[in-house]
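1. Sequence and predicted structure below; questions after.
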Protein chains: 2
Amino acid sequence: MNRTDTRSEIQTEPPRTKRRTGAHKPRKPESGGSQAAQTRESILDTAERLFAERGVAATSVRDITGAAGANLGAINYHFGTKQELVMAVFSRRIFPVAERQMALLDEAERKAGGKPPRLETLLEAMTRPSIEKSFAAGKRNTAFMRLVGRCYGEPNPEVERRIRAHVEKVWMRFAILLARSLPGLPHEEMYWRIRFMVGALHHTLLTSGREGSIPPEFRKGLDAETLIRRMVAYAAAGLKAGI
Amino acid sequence: MNRTDTRSEIQTEPPRTKRRTGAHKPRKPESGGSQAAQTRESILDTAERLFAERGVAATSVRDITGAAGANLGAINYHFGTKQELVMAVFSRRIFPVAERQMALLDEAERKAGGKPPRLETLLEAMTRPSIEKSFAAGKRNTAFMRLVGRCYGEPNPEVERRIRAHVEKVWMRFAILLARSLPGLPHEEMYWRIRFMVGALHHTLLTSGREGSIPPEFRKGLDAETLIRRMVAYAAAGLKAGI
DNA sequence: AGTCCATTCATACGTTCGTATCATACGACC
DNA sequence: GGTCGTATGATACGAACGTATGAATGGACT
């Protein structure tokens, strides 16, 4: 066993410095149009775009501040570390989507009275929030699409723990409602079909955000409602398939 | 526009050195049990595992050689640059899968005589090769699973160009055969349903490779044939859904 | 025994990384 | 107008990065 480098291979995000000494947290800004809040948002926007394009590990804080027209020190000042910036970028987008999904599930259950909600209603509750945001203002928001798609698959362990745990609570609730709407389906079968559905949703968002990934003849006429309708129809048929 | 760093933000993989001067290509080894070939394979295996776990950008060549018990210089000697190692790691796994898919498509067409092949046969041709390899030797080959799943979503531009172009030729052929088996389905609808299927397949491979990602009650009884059957049934139902 | 050549090793170089520090700029309040 | 705290700017530091290089090593052949 002759190795040049003796660092453990277990660590996944090697700390670049021994100890952070001066983490001055700026007090929560009034989050309005103040100059500071503007800088903060600009950094978040730029980081979101670059993370979506290249991934987190391949994007340096200098890339971000440079493209945002901000100073290098702004990262440390507003976020402390790169890792906290990463968390902020993902949290800002993912948590609202998860909350909207949960709200739509609640609404579906409420409107159904005591009966199980319609399958398609549940599926729409899970797909609409992210897809709708992906077409904000009528055009494709490619950075948002790819960022959401990157949530799974992003090997950053902190993102995994914090974000995925939150997101999967929603999917768990969806699964419970789904079991009532599809009483004949064995739980094991349902588990895998939900995974297939998650895959279709995230893969579509991730790869549709890429420029040139959709042939022109299939891109025209693509909007949020059409995509939701297609995905719901596909998933509903798959979930109802005989075993 | 006051920026500290003036590097262009366009570049996606910044060159770490000006020019590679001494790229000595070792002549193709006899690929048998020679000591050199063993080192090469060990590096490929280790890189595959680490890329699958952490992603390409977050894995350094020192991580790889360290974990493989090889010398740092072995990367330069056997592969030239990290980028060429990355390509070798992906190529080694993806191309055989794509060839097997193509062969199964050919076989499906041949066996069907002049008629369109059965839908399920086509779906199996696309899913079996990667899933089967993921359960090589009876147990889950998690590194392979995640590596395949990472193909899309890996923002490395070279991987994108070379690998994805090759893989998508197979999917294109699949689409042509599929159109004959599902004559009523509009092309646009079919295009998106194929994307959903690709997403389900890749997402399942990517996330199932993660330790602890499958609850124990759903992991037992999981083998290649069961997963293929589930995925084919789900995709077939989705593809046949009414518009 | 001696030569050669493929491979491995140790180490070096220059760059980029994340983070920290300190000086300066600026607006609100007395 | 002076003071103070928030925000920004320029720069520094050490670690880790990809890559390069030249010396050792060792087996195969003459």
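-> Okay, I see it. Numbers count the residues shown, from 1 in each chain, chains lettered A, B, ... in the order given.
2. where's the residue lying closest to A:Arg49 once chain neighbours are set aside, which helix or strand?
-> In this structure, A:Arg49 finds its nearest non-sequential neighbour in A:Ala143, 4.4 Å apart by C-beta to C-beta, 6 or more residues apart in numbering or on different chains. Heads up, the C-betas are built off the backbone N, CA and C, glycines and all. Secondary structure assignment for A:Ala143, by DSSP states H and E: helix A:142-149.
3. From the chain's centroid, how far away is that helix?
-> 7 Å (C-alpha atoms, centre = their mean, to the nearest Å).
4. The residue nearest to A:Arg49 contacts A:Leu206, doesn't it?
-> No. In terms of C-beta atoms under 8 Å, A:Ala143 does not count as a neighbour of A:Leu206; the distance is 11.6 Å.
5. Which of the two has more residues huddled nearby?
-> Neighbour count, other C-beta atoms under 10 Å in any protein chain shown: between A:Ala143 and A:Leu206, A:Leu206 has more, with 25 against 20.
6. A:Phe144 is in contact with that one, correct?
-> No. Under the contact definition of C-beta under 8 Å, A:Leu206 does not touch A:Phe144, with a separation of 11.1 Å.
7. picking that back up, which parts of the helix holding A:Ala143 are buried?
-> By neighbour count on 16 or more other C-beta atoms under 10 Å in any protein chain shown, the buried set for helix A:142-149 is A:Thr142, A:Ala143, A:Phe144, A:Met145, A:Arg146, A:Leu147, A:Val148, A:Gly149.
8. Can you give me the pLDDT of the residue most central in space within chain A?
-> With distances taken as C-alpha atoms, centre = their mean, A:Val148 lies nearest the centre of chain A, 2.8 Å away. The pLDDT attached to A:Val148 in the predicted structure is 88.
9. Between the buried residues of helix A:142-149, which sits nearest chain B?
-> Ranking the buried residues of helix A:142-149 by separation from chain B, with C-beta to the nearest C-beta as the measure, puts A:Gly149 on top at 7.2 Å.
10. For that closest one, which non-adjacent residue is spatially closest?
-> Spatial nearest neighbour of A:Gly149, chain neighbours left out: A:Leu206 (2.5 Å); criterion: C-beta to C-beta, 6+ apart.
11. What's the mean pLDDT across the helix ranked longest in chain A?
-> When secondary structure is assigned using DSSP state H, the longest helix within chain A turns out to be helix A:82-111. Taken as a whole, helix A:82-111 has a mean pLDDT of 97.
12. Counting by contacts, list what it packs against.
-> Of the remaining helices and strands, those touching helix A:82-111 by 3 or more C-beta pairs under 8 Å, 6 or more residues apart in numbering or on different chains; DSSP states H and E are helix A:35-54, helix A:61-68, helix A:73-79, helix A:119-134, helix A:142-149, helix A:157-159, helix A:165-181.
13. Least reliable of those by average pLDDT, please.
-> Summarising mean pLDDT across the helices and strands packed on helix A:82-111, the least confident stretch is helix A:157-159, with a mean of 85.
14. helices or strands up against that helix?
-> When contacts are defined as 3+ C-beta pairs under 8 Å, 6+ apart, helix A:157-159 packs onto helix A:82-111.
15. quick revisit: give me every residue that touches the residue nearest to A:Gly149.
-> Contact partners of A:Leu206, counting by C-beta atoms under 8 Å, 6 or more residues apart in numbering or on different chains, are A:Met145, A:Arg146, A:Val148, A:Gly149, A:Arg150, A:Gly153, B:Tyr152, B:Gly153.
16. can you rerun that using 10 Å?
-> Under the criterion of C-beta atoms under 10 Å, 6 or more residues apart in numbering or on different chains, the contact list for A:Leu206 reads A:52, A:145-153, A:213, B:152-153, B:199, B:202-203.
17. now do A:Trp171
-> Taking C-beta under 10 Å, 6+ apart as the test, what A:Trp171 contacts is A:Ala98, A:Gln101, A:Met126, A:Arg164, A:Leu178, A:Ile194, A:Arg195, A:Met197, A:Val198.
18. Which members of those residues are the farthest-apart pair?
-> Distances among those were taken as C-beta to C-beta; the most separated pair is A:Arg164 and A:Leu178, at 19.5 Å.
19. okay, these two: which has more neighbours?
-> Neighbour comparison, A:Arg164 and A:Leu178: the larger count goes to A:Leu178, with 23 against 18 (by other C-beta under 10 Å).
20. circling back to that earlier point, overlap of the contact sets of A:Leu206 and A:Phe144?
-> Both A:Leu206 and A:Phe144 are in contact with A:Ala52, where contact means C-beta under 10 Å, 6+ apart.
21. where does A:Tyr152 fall, phi/psi-wise?
-> Backbone torsions for A:Tyr152, taken as degrees, to the nearest 10, come to phi -70, psi 150.
22. isn't it right up against A:Gly199?
-> Yes. A:Tyr152 lies in contact with A:Gly199 (C-beta atoms under 10 Å); the separation is 8.5 Å.
23. which residues are common contacts for the two?
-> B:Gly149, B:His203, B:Leu206, B:Thr207.
24. one step back: which residues touch the residue nearest to A:Arg49?
-> If you count contacts by C-beta under 10 Å, 6+ apart, then A:Ala143 has A:Asp45, A:Thr46, A:Ala47, A:Glu48, A:Arg49, A:Leu50, A:Phe51, A:Ala52, A:Glu53, A:Arg93, A:Ser134, A:Gly209 around it.
25. Which pLDDT value goes with A:Trp19?
-> That one is not Trp; residue A:19 is Arg. If you check A:Arg19, the pLDDT there is 39.
26. ok so, going back, is DNA strand C contacted by the longest helix of chain A?
-> Yes. Counting by C-beta under 7 Å from any atom of the strand, DNA strand C has neighbours in helix A:82-111: A:Lys82, A:Gln83.
27. how much distance is there from that helix to the middle of the chain?
-> Centre-to-centre, helix A:82-111 and its host chain are 9 Å apart (C-alpha atoms, centre = their mean).
28. Give me the buried stretch members for that helix, please.
-> Of the residues in helix A:82-111, those scored as buried under the neighbour-count criterion (16+ other C-beta under 10 Å) are A:82-90, A:93-94, A:97-98, A:100-102, A:104-105, A:108-109.
29. cool, stretch A:113-126 as well?
-> Of the residues in stretch A:113-126, those buried under the neighbour-count criterion (16+ other C-beta under 10 Å) are A:Pro116, A:Pro117, A:Leu119, A:Thr121, A:Leu122, A:Leu123, A:Glu124, A:Ala125, A:Met126.
30. Residues touching that stretch, excluding its own?
-> The contact list for stretch A:113-126 (C-beta under 10 Å, 6+ apart) reads A:100-112, A:131, A:170-171, A:173-175, A:177-183, A:194, A:197-198, A:201, A:228-229, A:231-236, A:239-240.
31. re the thing from before, how close does the residue nearest to A:Arg49 sit to B:Thr127?
-> Counting by C-beta to C-beta, to the nearest Å, the separation of A:Ala143 from B:Thr127 is 31 Å.
32. Equivalent analysis for A:Val56, please.
-> The span separating A:Val56 from B:Thr127 equals 30 Å under the rule C-beta to C-beta.
33. show me the contacts for A:Glu225.
-> A:Arg128, A:Ile131, A:Glu132, A:Phe135.
34. returning to that earlier point: could you export the buried residues of stretch A:113-126 as CSV, including distance to B:Ser34?
-> Rendered in CSV, the data for those read as follows (distance: C-beta to C-beta, whole Å):
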residue, distance to B:Ser34
A:Pro116, 64
A:Pro117, 64
A:Leu119, 59
A:Thr121, 63
A:Leu122, 58
A:Leu123, 55
A:Glu124, 59
A:Ala125, 59
A:Met126, 53
